[in-house]
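# Have a look; sequence and predicted model below, questions after that.
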Amino acid sequence: MLDPNAAEVTPVVPDSPMESGLLAGMNTTVSTPPAGPQDVGVLYEQYRDLLMHVACRKFRVPDSDSENLMQEVFLAYMQSETRVENTKAWLVAAMCNASRHYWRQQSRTESLPDDIGDHSDPTSHGLADHFATSMTLRKALRYLQPRCRETLYLHYYEGRSANDVARELDTTSRYAEKLIHNCLKRVREIYFSITAVKR
(Lines give C-alpha, C1' and ligand atoms only; values in the text may rest on other atoms or scores of the structure.)
Protein backbone atom coordinates (compact mmCIF):
# COMPACT_ATOMS: atom_id res chain seq x y z
CA MET A 1 0.00 0.00 0.00
CA LEU A 2 1.31 3.42 -0.92
CA ASP A 3 1.88 6.10 1.70
CA PRO A 4 -1.32 8.22 1.72
CA ASN A 5 0.72 11.36 2.37
CA ALA A 6 2.36 11.04 -1.02
CA ALA A 7 -0.93 11.58 -2.84
CA GLU A 8 -2.00 14.65 -0.86
CA VAL A 9 -2.76 17.83 -2.77
CA THR A 10 -3.13 21.43 -1.67
CA PRO A 11 -5.91 21.51 0.96
CA VAL A 12 -9.26 22.99 0.08
CA VAL A 13 -11.54 24.52 2.70
CA PRO A 14 -15.06 23.34 1.84
CA ASP A 15 -18.23 24.44 3.57
CA SER A 16 -19.23 20.79 3.64
CA PRO A 17 -17.66 17.61 2.28
CA MET A 18 -20.41 17.37 -0.30
CA GLU A 19 -19.91 20.80 -1.85
CA SER A 20 -18.07 21.43 -5.03
CA GLY A 21 -15.27 23.12 -3.07
CA LEU A 22 -14.22 19.61 -2.08
CA LEU A 23 -13.36 18.98 -5.67
CA ALA A 24 -11.28 22.13 -6.17
CA GLY A 25 -7.56 21.58 -6.43
CA MET A 26 -7.95 18.01 -7.72
CA ASN A 27 -6.84 16.88 -11.15
CA THR A 28 -9.96 17.15 -13.32
CA THR A 29 -10.50 17.72 -17.00
CA VAL A 30 -13.28 17.55 -19.59
CA SER A 31 -16.93 17.01 -18.54
CA THR A 32 -18.24 13.44 -18.75
CA PRO A 33 -21.13 11.63 -17.09
CA PRO A 34 -20.59 10.68 -13.42
CA ALA A 35 -19.32 7.21 -12.52
CA GLY A 36 -21.90 4.43 -12.41
CA PRO A 37 -22.76 2.52 -9.23
CA GLN A 38 -20.89 -0.58 -10.43
CA ASP A 39 -17.68 1.40 -10.98
CA VAL A 40 -17.99 3.02 -7.56
CA GLY A 41 -18.55 -0.37 -5.91
CA VAL A 42 -15.28 -1.62 -7.38
CA LEU A 43 -13.46 1.58 -6.37
CA TYR A 44 -14.92 1.34 -2.87
CA GLU A 45 -13.51 -2.16 -2.43
CA GLN A 46 -10.21 -1.14 -3.96
CA TYR A 47 -9.58 2.07 -1.96
CA ARG A 48 -11.55 1.55 1.27
CA ASP A 49 -8.53 0.53 3.38
CA LEU A 50 -6.40 3.36 2.03
CA LEU A 51 -9.07 6.00 2.71
CA MET A 52 -9.74 4.63 6.19
CA HIS A 53 -6.00 4.77 6.84
CA VAL A 54 -5.90 8.43 5.73
CA ALA A 55 -8.79 9.44 7.98
CA CYS A 56 -8.02 7.27 11.03
CA ARG A 57 -4.22 7.29 11.13
CA LYS A 58 -3.27 10.60 9.57
CA PHE A 59 -6.18 12.72 10.83
CA ARG A 60 -7.19 10.62 13.86
CA VAL A 61 -10.87 10.66 12.93
CA PRO A 62 -12.81 7.98 14.90
CA ASP A 63 -13.55 4.80 12.91
CA SER A 64 -17.34 5.26 12.81
CA ASP A 65 -17.01 8.86 11.60
CA SER A 66 -14.32 7.88 9.10
CA GLU A 67 -16.74 5.44 7.50
CA ASN A 68 -19.33 8.22 7.15
CA LEU A 69 -16.76 10.58 5.65
CA MET A 70 -15.69 7.94 3.16
CA GLN A 71 -19.27 7.41 2.04
CA GLU A 72 -19.65 11.16 1.54
CA VAL A 73 -16.44 11.19 -0.50
CA PHE A 74 -17.71 8.38 -2.77
CA LEU A 75 -21.06 10.13 -3.10
CA ALA A 76 -19.25 13.32 -4.15
CA TYR A 77 -17.24 11.23 -6.63
CA MET A 78 -20.44 9.77 -8.11
CA GLN A 79 -22.00 13.24 -8.39
CA SER A 80 -18.91 14.74 -9.98
CA GLU A 81 -19.65 15.98 -13.48
CA THR A 82 -16.02 16.12 -14.49
CA ARG A 83 -13.72 13.34 -15.61
CA VAL A 84 -11.10 12.41 -13.03
CA GLU A 85 -7.68 11.66 -14.46
CA ASN A 86 -6.19 10.11 -11.32
CA THR A 87 -8.96 8.46 -9.30
CA LYS A 88 -6.75 7.42 -6.41
CA ALA A 89 -5.30 10.93 -5.96
CA TRP A 90 -8.80 12.43 -6.22
CA LEU A 91 -10.21 10.12 -3.55
CA VAL A 92 -7.26 10.59 -1.18
CA ALA A 93 -7.36 14.39 -1.58
CA ALA A 94 -11.13 14.38 -1.04
CA MET A 95 -10.72 12.24 2.09
CA CYS A 96 -8.05 14.64 3.42
CA ASN A 97 -10.33 17.60 2.82
CA ALA A 98 -13.31 15.83 4.39
CA SER A 99 -11.21 14.93 7.46
CA ARG A 100 -10.01 18.52 7.87
CA HIS A 101 -13.60 19.71 7.56
CA TYR A 102 -14.67 17.13 10.17
CA TRP A 103 -12.22 18.55 12.73
CA ARG A 104 -13.22 22.14 11.95
CA GLN A 105 -16.83 21.15 12.68
CA GLN A 106 -15.81 19.30 15.86
CA SER A 107 -13.94 22.33 17.17
CA ARG A 108 -17.20 24.32 17.07
CA THR A 109 -18.95 21.90 19.41
CA GLU A 110 -18.27 21.01 23.01
CA SER A 111 -18.42 17.36 23.97
CA LEU A 112 -20.64 16.23 26.83
CA PRO A 113 -19.03 14.81 29.96
CA ASP A 114 -18.69 11.01 30.21
CA ASP A 115 -21.00 10.89 33.21
CA ILE A 116 -23.79 12.88 31.51
CA GLY A 117 -26.29 10.18 32.49
CA ASP A 118 -25.73 11.04 36.16
CA HIS A 119 -26.67 14.68 35.61
CA SER A 120 -30.06 16.24 35.18
CA ASP A 121 -31.24 19.53 33.82
CA PRO A 122 -31.30 22.01 36.74
CA THR A 123 -34.36 23.68 35.27
CA SER A 124 -36.29 20.40 35.46
CA HIS A 125 -36.04 20.05 39.26
CA GLY A 126 -39.14 22.14 39.96
CA LEU A 127 -41.11 21.10 36.87
CA ALA A 128 -43.69 19.03 38.75
CA ASP A 129 -44.35 21.87 41.20
CA HIS A 130 -44.52 24.37 38.36
CA PHE A 131 -47.10 22.31 36.47
CA ALA A 132 -49.14 21.72 39.61
CA THR A 133 -49.19 25.45 40.39
CA SER A 134 -50.06 26.35 36.81
CA MET A 135 -52.94 23.87 36.65
CA THR A 136 -54.32 24.98 40.01
CA LEU A 137 -54.13 28.63 38.98
CA ARG A 138 -56.03 27.89 35.76
CA LYS A 139 -58.70 26.12 37.80
CA ALA A 140 -58.94 29.09 40.19
CA LEU A 141 -59.29 31.52 37.27
CA ARG A 142 -62.24 29.50 35.92
CA TYR A 143 -64.15 30.24 39.15
CA LEU A 144 -63.86 34.01 38.60
CA GLN A 145 -66.49 36.18 36.95
CA PRO A 146 -65.67 36.86 33.24
CA ARG A 147 -64.98 40.57 33.93
CA CYS A 148 -62.48 39.66 36.66
CA ARG A 149 -60.81 37.09 34.42
CA GLU A 150 -60.45 39.62 31.62
CA THR A 151 -59.06 42.26 34.00
CA LEU A 152 -56.39 39.93 35.37
CA TYR A 153 -55.54 38.69 31.88
CA LEU A 154 -55.05 42.23 30.57
CA HIS A 155 -53.02 43.36 33.56
CA TYR A 156 -50.85 40.31 34.35
CA TYR A 157 -50.60 38.37 31.08
CA GLU A 158 -50.53 41.23 28.61
CA GLY A 159 -48.75 43.60 31.00
CA ARG A 160 -51.25 46.44 30.52
CA SER A 161 -51.32 49.33 32.98
CA ALA A 162 -54.43 50.24 35.00
CA ASN A 163 -55.09 53.10 32.53
CA ASP A 164 -54.97 50.67 29.58
CA VAL A 165 -57.28 48.26 31.40
CA ALA A 166 -59.68 51.16 32.10
CA ARG A 167 -59.73 52.11 28.40
CA GLU A 168 -60.24 48.45 27.37
CA LEU A 169 -63.11 47.96 29.83
CA ASP A 170 -64.53 51.43 29.18
CA THR A 171 -64.28 52.61 32.78
CA THR A 172 -62.22 54.98 34.94
CA SER A 173 -58.61 54.35 35.95
CA ARG A 174 -59.55 54.45 39.63
CA TYR A 175 -62.19 51.76 39.14
CA ALA A 176 -59.74 49.66 37.05
CA GLU A 177 -57.18 49.78 39.88
CA LYS A 178 -59.83 48.72 42.38
CA LEU A 179 -60.97 45.95 40.04
CA ILE A 180 -57.41 44.63 39.63
CA HIS A 181 -56.92 44.64 43.40
CA ASN A 182 -60.25 42.94 44.19
CA CYS A 183 -59.92 40.33 41.43
CA LEU A 184 -56.39 39.44 42.53
CA LYS A 185 -57.59 39.12 46.11
CA ARG A 186 -60.48 36.89 45.00
CA VAL A 187 -58.30 34.58 42.87
CA ARG A 188 -55.88 34.19 45.80
CA GLU A 189 -58.73 33.15 48.06
CA ILE A 190 -59.92 30.60 45.51
CA TYR A 191 -56.37 29.30 44.96
CA PHE A 192 -55.75 28.80 48.68
CA SER A 193 -59.12 27.12 49.16
CA ILE A 194 -58.26 24.65 46.37
CA THR A 195 -54.80 23.89 47.75
CA ALA A 196 -55.84 23.79 51.42
CA VAL A 197 -55.25 20.39 53.02
CA LYS A 198 -58.54 18.85 54.04
CA ARG A 199 -58.53 17.29 57.55
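Thanks, I have it.
# gap between the biggest helix by length in the chain and the chain center?
For the chain, the helix that runs over the most residues, judged by DSSP state H, is helix 173-195. Taking CA atoms, centre = their mean, to the nearest Å, one finds the center of helix 173-195 at 43 Å from the center of the full chain.
# again with stretch 76-96
Using CA atoms, centre = their mean, the offset of stretch 76-96 from its chain centre is 31 Å.
# quick one: residue 161 from residue 141, how far?
The spacing between residue 161 and residue 141, counted by CB to CB, to the nearest Å, is 21 Å. (Each C-beta comes from the backbone N, C-alpha and C, glycine too.)
# Next secondary structure element downstream of the helix or strand containing residue 65?
Following DSSP states H and E, the helix or strand that holds residue 65 is helix 63-79. Downstream of helix 63-79, the first helix or strand assigned by DSSP H and E is strand 82-84.
# Counting neighbours, which bits of that next one end up buried?
82, 84 (16 or more other CB atoms under 10 Å).
# again with stretch 133-143
For stretch 133-143, by 16+ other CB under 10 Å, it's 140-141.
# From the chain's centroid, how far away is it?
Taking mean C-alpha positions (CA atoms, centre = their mean), stretch 133-143 and its chain are 35 Å apart.
# Now tell me what touches that stretch from outside.
149, 152, 187, 190-191, 194-195 (CB atoms under 8 Å, 6 or more residues apart in numbering).
# and which of those is nearest to residue 175?
Using CB to CB, residue 152 comes nearest to residue 175 of the contacts of stretch 133-143, at 15.0 Å.
# rewinding a little: what helices and strands are in contact with the helix holding residue 65?
helix 37-53, helix 87-107 (3 or more CB pairs under 8 Å, 6 or more residues apart in numbering; DSSP states H and E).
# Go through those helices and find the least confident stretch.
Ranked by mean pLDDT, the helices and strands packed on helix 63-79 end with helix 37-53 at the bottom, a mean of 82.
# Compute the inter-axis angle for it and helix 87-107.
Angle of helix 37-53 versus helix 87-107, following axes from the mean of the first three to the mean of the last three CA atoms, to 10 degrees, is 60 degrees.
# re earlier: make JSON lines out of the contacts of stretch 133-143 and add neighbour count.
Compiled in JSON lines, the contacts of stretch 133-143 are given as follows (neighbours: other CB atoms under 10 Å):
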{"residue": "149", "neighbour count": "15"}
{"residue": "152", "neighbour count": "19"}
{"residue": "187", "neighbour count": "19"}
{"residue": "190", "neighbour count": "17"}
{"residue": "191", "neighbour count": "17"}
{"residue": "194", "neighbour count": "12"}
{"residue": "195", "neighbour count": "11"}
